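Student: no sequence on this one, just coordinates:
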C-alpha cells in the first residue's frame with residue numbers, strides 16, 4: 001500500500017516537537033509539506049524535516065490525503081472545515097474548538113464530507129493507559145481521579161494567547177475528562193469550582209453510578225509537572241503516571257491509527273467525540289465564570 005500523504009498545518013512549538021517529527025519518521029506516511037501563517041516558520045520546519053513548505057493552503061490540501069493540525073483551536077475550526085470539504089481526513093488537536101459552536105461546525109463538516117477524523121488525546125494512545133482501561137473494564141470501576149498540574153502558563157513555548165485566555169480547563173481538561181469517561185463510563189454531569197485561570201476542580205458523575213474527581217492547573221511553579229490517572233475497582237487500585245507517556249510506541253500508534261482513519265473514515269476519538277468533550281468543558285466553564 002502506498003504511504004498516506006499527510007500535510008501539516010502549523011509550525012509552532014507542538015508542530016516542531018511532536019507532530020512534524022512524528023509524521024516524518026513513520027514508514028507508512030509521507031509528509032507532503034507544511035503550511036503556516038508565518039511562511040518563514042513553515043520554511044524552517046520543512047527544511048528540518050526534508051519536506052516542502054507551502055505558501056498557499058489550497059496547494060497543500062491538493063498535495064495530500066490527510067491534514068494534521070497544530071494551530072489554535074479557533075483556527076483549527078476554520079481550516080478544518082475547509083480541509084474536510086476538500087475530502088481530507090483530519091488529525092485534530094484538542095480541544096477541537098474554543099466553544100461548542102465551533103466544535104459543532106467542525107463535527108458537522110466532517111459528517112457532511114464523510115471523511116475520517118481523529119483527535120490527538122495523547123493519553124489514550126499510550127500502552128499503559130490502554131492496559132489500565134482494559135483492566136478496569138474487566139473488573140468494573142467504582143471511582144477515579146485525575147491530577148494534571150504544571151507551570152506551563154507561567155512562561156515558555158506553551159504560554160500561548162489562547163491558553164492564557166482560557167486557562168487549564170480547555171488545555172488539560174480534554175485529557176482528564178476523556179480518560180475518566182473511557183474508564184468509568186460516559187460522563188453525565190460535571191460540577192466545577194475554582195478559578196478558570198488558576199486552579200480548576202471538577203466532580204464527574206458517570207453513567208452506571210461511578211464518580212470521579214479532576215484537579216487542573218498550569219500556574220504552579222513546579223518542574224516537572226505532575227500528571228496521573230487513578231481508577232479504583234472493588235478490589236484494586238489502577239494507576240498510571242501520565243507525565244512521562246511520550247515515547248516512540250505512543251507516537252507510532254497515533255500515526256498507525258491515522259492511516260486506518262484516513263482509509264476507513266472511522267475512529268473512536270473523532271470530531272463527534274470531541275464535540276461531546278467540548279460540551280462538558282463548556283458546562284464546567286459556565287459554572288466557573
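Tutor: All right, it came through fine. Since this is a predicted model, take the numbers as computed values, not measurements.
Student: show me what secondary structure element comes after the helix-or-strand element of the chain with minimal mean pLDDT.
Tutor: Every helix and strand of the chain was ranked by mean pLDDT, DSSP states H and E. The lowest is helix 13-14, at a mean of 92. On the C-terminal side of helix 13-14, the closest following helix or strand by DSSP states H and E is helix 20-25.
Student: what's the helix or strand for the residue lying farthest from the centre of the chain?
Tutor: Of all residues in the chain, residue 235 has its C-alpha farthest from the mean position, at 31.6 Å, by CA atoms, centre = their mean. Residue 235 belongs to no helix or strand when elements are defined using DSSP H and E.
Student: and it, what does it touch?
Tutor: residue 139 (CB atoms under 8 Å, 6 or more residues apart in numbering). For every residue, glycine as well, the C-beta is placed using N, CA and C.
Student: ok, it to residue 140 distance?
Tutor: The gap separating residue 235 from residue 140 is 10 Å, by CB to CB, to the nearest Å.
Student: just to revisit the earlier point, now the residue farthest from the centre of the chain. Its backbone dihedrals?
Tutor: Main-chain dihedrals, residue 235, degrees, to the nearest 10: phi -130, psi 10.
Student: got a pLDDT number for it?
Tutor: As predicted, residue 235 sits at a pLDDT of 94.
Student: show me where the stretch 151-289 of the chain has helices.
Tutor: 161-184, 248-264, 271-288 (DSSP state H, counting those that start in this stretch).
Student: the stretch 1-150 of the chain now?
Tutor: According to DSSP H, counting those that start in this stretch, the helices that the stretch 1-150 of the chain contains are 13-14, 20-25, 39-49, 57-62, 73-85, 100-113, 127-139.
Student: and those as a markdown table, adding distance to residue 260 and mean neighbour count?
Tutor: A markdown table is the format used below for the helices of the stretch 1-150 of the chain (distance: least, CB to CB, whole Å; neighbours: other CB atoms under 10 Å):
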| stretch | distance to residue 260 | mean neighbour count |
| --- | --- | --- |
| helix 13-14 | 23 | 16 |
| helix 20-25 | 15 | 20 |
| helix 39-49 | 23 | 17 |
| helix 57-62 | 21 | 16 |
| helix 73-85 | 18 | 20 |
| helix 100-113 | 16 | 19 |
| helix 127-139 | 16 | 16 |
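Student: how many other residues sit next to the closest residue to residue 124 other than its chain neighbours?
Tutor: Nearest residue to residue 124 in three dimensions, chain neighbours excluded: residue 269, at 6.2 Å (CB to CB, 6 or more residues apart in numbering). Counted with other CB atoms under 10 Å, residues neighbouring residue 269 total 21.
Student: contacting residues for residue 269?
Tutor: By CB under 8 Å, 6+ apart, the neighbours of residue 269 are 118, 119, 121, 124, 178.
Student: top of these by neighbour count?
Tutor: Busiest of these [other CB under 10 Å] is residue 118, holding 26 neighbours.
Student: does that residue really touch residue 90, like I thought?
Tutor: Yes. Contact criterion CB atoms under 8 Å: residue 118 and residue 90 qualify, at 7.1 Å.
Student: quick check: bridge partners of residue 204?
Tutor: residue 190, residue 212 (DSSP bridges).
Student: my guess is it contacts residue 192, does it?
Tutor: No. Contact status for residue 204 versus residue 192: not in contact, 10.0 Å apart, counting by CB under 8 Å.
Student: how many other residues sit next to the residue lying closest to residue 96 once chain neighbours are set aside?
Tutor: Nearest residue to residue 96, sequence neighbours excluded (CB to CB, 6+ apart): residue 274, at 3.7 Å. If you count neighbours by other CB under 10 Å, residue 274 ends up with 26.
Student: could you check how far residue 225 is from residue 21?
Tutor: Distance from residue 225 to residue 21, by CB to CB: 22 Å.
Student: and for residue 91?
Tutor: Counting by CB to CB, the gap from residue 91 to residue 21 is 14 Å.
Student: try residue 145
Tutor: Distance from residue 145 to residue 21, by CB to CB: 32 Å.
Student: please apply the same query to residue 43.
Tutor: Distance from residue 43 to residue 21, by CB to CB: 17 Å.
Student: and what of residue 254?
Tutor: 12 Å.
Student: doesn't residue 249 make contact with residue 22?
Tutor: No. Counting by CB under 8 Å, residue 249 is not a contact partner of residue 22; they are 11.9 Å apart.
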